[in-house]
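Student: Give me coordinates for this.
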Amino acid sequence: MNLKSFLEALIFASPEPIELEQLQKVWEELHPDSELNQLSMVQEIGKLKTEYQNSGFQLIEAGGGFKFVTNPDYHDAIGLLLKNNSKRRLSPAALETLALIAYQQPVTKGDLEYIRGVNCDSAVHKLLERELIRIVGKGDGPGKPILYGTTPFFMEYFGINDLSELPKMEEIKSDINEVGTEKE
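Tutor: This is a model prediction of the structure:
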């Protein structure tokens, strides 16, 4: 393990600015026979600061430690990205509809509307547009209603490999009950 990669990984992974002492302590735990002193570590951090000076992110010293931040030259672009992404958040209605589809699939829009008690046209349209759901076939009922199911992108988006990895309904009910009792 080289020092440069070690420093990059720990500084990047730390949710808060990481202090030099913390960096050295971890290094020493991994390399008990190492003769690395703080001066060597400070010198390597200085090289990293120089190396990342003109990139999309920078290494800075703040809050008593070191952290990576985005380069101020790109703050306008990042602001636009975040603004556009915030517009893309799913509404509570769309999330509720998505959850129903995930747990009940294949399911018709009529079934969703029956369960939710409201029209689901907009939510289904948004979920199709974002490729979180897809048409998986037609039902046997009158008019052969369209059946909806989740997509591979749904799995990727939620970090699962299989629908069996979704939380069990008992777990969800238990979590809801815990939240309810905390408010009392």
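Student: Tell me the secondary structure at the residue located most distally from the centre of the chain.
Tutor: No residue in the chain sits farther from the centre than residue 142, which is 40.7 Å out by Cα atoms, centre = their mean. Under the three-state scheme (DSSP: H, G, I helix; E, B strand; the rest coil), residue 142 adopts coil.
Student: That one and residue 116, how far apart?
Tutor: Distance, residue 142 to residue 116, by Cβ to Cβ, to the nearest Å: 21 Å. Placement of C-beta: from N, CA and C, glycine included.
Student: Now do the SS call for residue 69.
Tutor: strand.
Student: Pull the number of nearby residues for it.
Tutor: Counted with other Cβ atoms under 10 Å, the neighbours of residue 69 add up to 12.
Student: switch to numbering from 402
Tutor: Sure thing, new numbering starts at 402, so read that last one as residue 470.
Student: mind checking pLDDT for it?
Tutor: Note for residue 470: predicted pLDDT of 92.
Student: who's in contact with it?
Tutor: 458, 459, 461, 463 (Cβ atoms under 8 Å, 6 or more residues apart in numbering).
Student: Residue 472 and residue 458 touch, don't they?
Tutor: Yes: the pair residue 472 / residue 458 is scored as a contact, 6.0 Å apart, by Cβ atoms under 8 Å.
Student: So the protein: which segments form each domain?
Tutor: Per automatic domain parsing, the structural domains of the chain span 404-475, 493-584.
Student: can you list those in TSV and add distance to residue 484?
Tutor: As requested, those are exported to TSV (distance: least, Cβ to Cβ, whole Å):
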stretch	distance to residue 484
domain 404-475	14
domain 493-584	18
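Student: lowest-confidence stretch among the ones you listed?
Tutor: domain 493-584 (a mean of 87).
Student: So which residues of the chain form helices?
Tutor: Remark: helices assigned in the chain by DSSP state H are 404-414, 421-431, 439-453, 476-488, 493-505, 510-517, 522-530, 553-559, 570-584.
Student: Looking at these, spot the one closest to residue 537.
Tutor: helix 493-505 (9.9 Å; Cβ to Cβ).
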